[in-house]
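Participant: Pasted the sequence and its predicted model underneath.
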Amino acid sequence: MSFFSHQIRRSFSSSAVRRVVIKNVTIIGGGQMGAGIAQVAASTGHSVTLVDTSEDILKKSVKGIEGSLKRVVKKKFADKPEAGEEFIQKVLQNVSTSTDPAAAVPTSDLVLEAIVENLNVKQDLFGRLDKLAPKHSIFASNTSSLPITDIASSTSRQDRFGGLHFFNPVPMMKLVEVIATSATSQETFDSLLNFSKALGKTPVSCKDTPGFIVNRLLVPYMMEALRLHERGHGSKEDIDIAMKLGAGYPMGPFELSDYVGLDTMKFIIDGWSEKDPDNPIFAQSELLNKLVAEGKLGKKTGEGFYKYK
Ligand SMILES: CCCCCCCCCCCCC[C@H](O)CC(=O)SCCNC(=O)CCNC(=O)[C@H](O)C(C)(C)COP(=O)(O)OP(=O)(O)OC[C@H]1O[C@@H](n2cnc3c(N)ncnc32)[C@H](O)[C@@H]1OP(=O)(O)O
Ligand SMILES: NC(=O)c1ccc[n+]([C@@H]2O[C@H](COP(=O)([O-])OP(=O)(O)OC[C@H]3O[C@@H](n4cnc5c(N)ncnc54)[C@H](O)[C@@H]3O)[C@@H](O)[C@H]2O)c1
């Protein structure tokens, strides 16, 4: 059975662990996704510790959260700018930062990872944290494309491990995919579902299958757009305009790629191509490889398919 056609046995383990009401959240990775999730969790009254590898990165994350909150309050508190400023300060008070995950996790109800899309790095992180986090603490990954089962295998809490897949930009996108593996307990799944609702999001339940729901459909579409362009059958600009005006998408595939980050795109495609080498959809793209090799990773570096400076 291939990676892309495998069936999932959905059986909840007989874990004695109770449903966890998630209040204290540790988010590992303060990039686009981690910072966005931290913002939404803090805005909904959760106590958040945001962890990354350096103080400089964390300063940038908090600045990004503040900037995004300003956009939110401009709308939400249009007639009451002072209440808006008060709200921002209150939310920021709910966020603390750390470069040491070991110091953050002992009080966590949920440890949510949003670091680089690399299985070994994620496994290494969770394997270390497993020994430090309290027994009741739930672990979750925001991976776009890796099997949750594989990430969870580095821990001894597979019944308390699931996927929480958020969408970019997190403050604006209403969906969260909640992923249960065959070992995830019903209590854990319910806790993650309730947490997503507490964030004001709409959760959908997913199996631990490649790409879950959204990316299983989105990745082939995005890759077809890239192939169409590489064959010389359409400019990036025309393809983007066509999908916005013809299909009603808010962004065309090239704009969206730059928004997501071309490094993340390449991690996803390389991983899937390794698992399903004969599938032409996931074959290497010279253009994508070239841009990533040149450090043109999209909006976050000022250039990707398009220039932003
Ligand atoms: C072609 C190459 C192919 C390579 C192949 C690779 C295959 C792999 C692909 C898989 C990738 C998976 C990634 C991941 O796992 C899953 C995802 O997250 S997919 C991404 C999902 N997101 C989208 O699809 C976003 C689509 N875009 C939009 O919805 C909108 O464009 C936008 C981002 C909301 C922005 O809206 P716009 O109208 O365009 O622009 P504005 O700036 O005017 O914003 C409108 C409104 O929103 C507020 N706002 C925007 N961003 C934020 C923010 N970060 N924080 C707070 N508020 C925000 C803004 O203030 C505006 O408010 P208003 O002025 O209207 O009051
Ligand atoms: N970008 C998207 O649109 C998107 C959407 C949904 C899910 N995701 C997934 O979310 C995850 C993060 O993506 P992103 O776009 O936020 O990436 P990003 O590059 O913006 O941020 C990743 C952050 O993780 C930090 N980091 C890396 N290794 C670390 C470690 N061991 N400990 C602590 N911090 C570490 C980096 O310093 C960086 O700040 C990936 O798994 C990605 O697939 C991305």
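Facilitator: Cool, got the structure. For clarity, every value in this text was computed on a predicted model and none was experimentally measured. Numbers count the residues shown, from 1 in each chain. Ligands and ions are numbered 1, 2, ... in the order given.
Participant: how about the strands in the stretch 1-150 of the chain?
Facilitator: Assigned by DSSP state E, counting those that start in this stretch, the stretch 1-150 of the chain shows strands spanning 24-28, 47-51, 95-98, 110-113, 138-141.
Participant: quick one: contacts of the last one?
Facilitator: Just to be clear, that refers to strand 138-141. 20, 22, 109-113, 122, 126, 129-130, 133, 148, 151-152, 155, 157, 160-164, 188, 191-192 (C-beta atoms under 8 Å, 6 or more residues apart in numbering). C-beta coordinates here come from the backbone N, C-alpha and C atoms, glycine included.
Participant: Quick one: residues contacting the residue at minimal distance from the centre of the chain.
Facilitator: The C-alpha lying nearest the average C-alpha coordinate of the chain belongs to Asn142 (C-alpha atoms, centre = their mean; 3.9 Å). By C-beta under 8 Å, 6+ apart, Asn142 lies in contact with Gly29, Met33, Gly34, Ile37, Leu112, Glu113, Ala114, Gly163, Leu164, His165, Phe166.
Participant: Quick check: bridge partners of the fifth one?
Facilitator: Under the criterion DSSP bridges, Leu112 forms beta bridges with Ile27, Ala140.
Participant: who's in contact with it?
Facilitator: By C-beta under 8 Å, 6+ apart, Leu112 lies in contact with Val25, Thr26, Ile27, Ile28, Ile37, Phe139, Ala140, Ser141, Asn142, Leu164.
Participant: Which one of the residues you listed sits in the busiest neighbourhood?
Facilitator: Ile27 (32 neighbours; other C-beta atoms under 10 Å).
Participant: Can you classify the closest residue to Pro203 other than its chain neighbours by secondary structure?
Facilitator: What sits nearest to Pro203 in space, not counting adjacent residues and going by C-beta to C-beta, 6 or more residues apart in numbering, is Ser196, at 3.9 Å. For Ser196, the secondary structure call by DSSP: H, G, I helix; E, B strand; the rest coil comes out as helix.
Participant: ok, now which ones touch Ser196?
Facilitator: Contacts of Ser196 (C-beta under 8 Å, 6+ apart): Leu164, Val176, Val178, Thr202, Pro203.
Participant: can we see that at 6 Å?
Facilitator: Val176, Val178, Pro203 (C-beta atoms under 6 Å, 6 or more residues apart in numbering).
Participant: Return the residues in contact with the first one.
Facilitator: Contact partners of Val176, counting by C-beta under 6 Å, 6+ apart, are Phe166, Ser196, Lys201, Pro203.
Participant: Tell me which other helices or strands the helix or strand in which Lys290 is found touches.
Facilitator: Here Lys290, judged by DSSP states H and E, is contained in helix 286-293. In terms of contacts (3 or more C-beta pairs under 6 Å, 6 or more residues apart in numbering; DSSP states H and E), helix 286-293 is packed against helix 262-275.
Participant: Now tell me what touches the helix it packs on from outside.
Facilitator: Phe3, Glu117, Ser144, Ser145, Ser257, Phe282, Leu288, Leu291, Val292, Leu297, Gly298, Gly304.
Participant: And it, what's buried?
Facilitator: Under the neighbour-count criterion of 16 or more other C-beta atoms under 10 Å, helix 262-275 has Leu262, Asp263, Thr264, Met265, Lys266, Phe267, Ile268, Ile269, Asp270, Gly271, Trp272, Ser273 buried.
Participant: okay, now Asp258: neighbour count?
Facilitator: Asp258: 25 surrounding residues under other C-beta under 10 Å.
Participant: Go ahead and confirm it touches Lys296.
Facilitator: No. Assessed by C-beta atoms under 6 Å, Asp258 is found out of contact with Lys296, at 9.1 Å.
Participant: Between those two, which contacts overlap?
Facilitator: By C-beta under 6 Å, 6+ apart, Asp258 and Lys296 have these common neighbours: Gly304.
Participant: Just checking stretch 67-78 against ligand 1, any contact.
Facilitator: Yes. Using C-beta under 6 Å from any ligand atom, stretch 67-78 reaches ligand 1 at Ser68, Arg71, Val72, Lys75.
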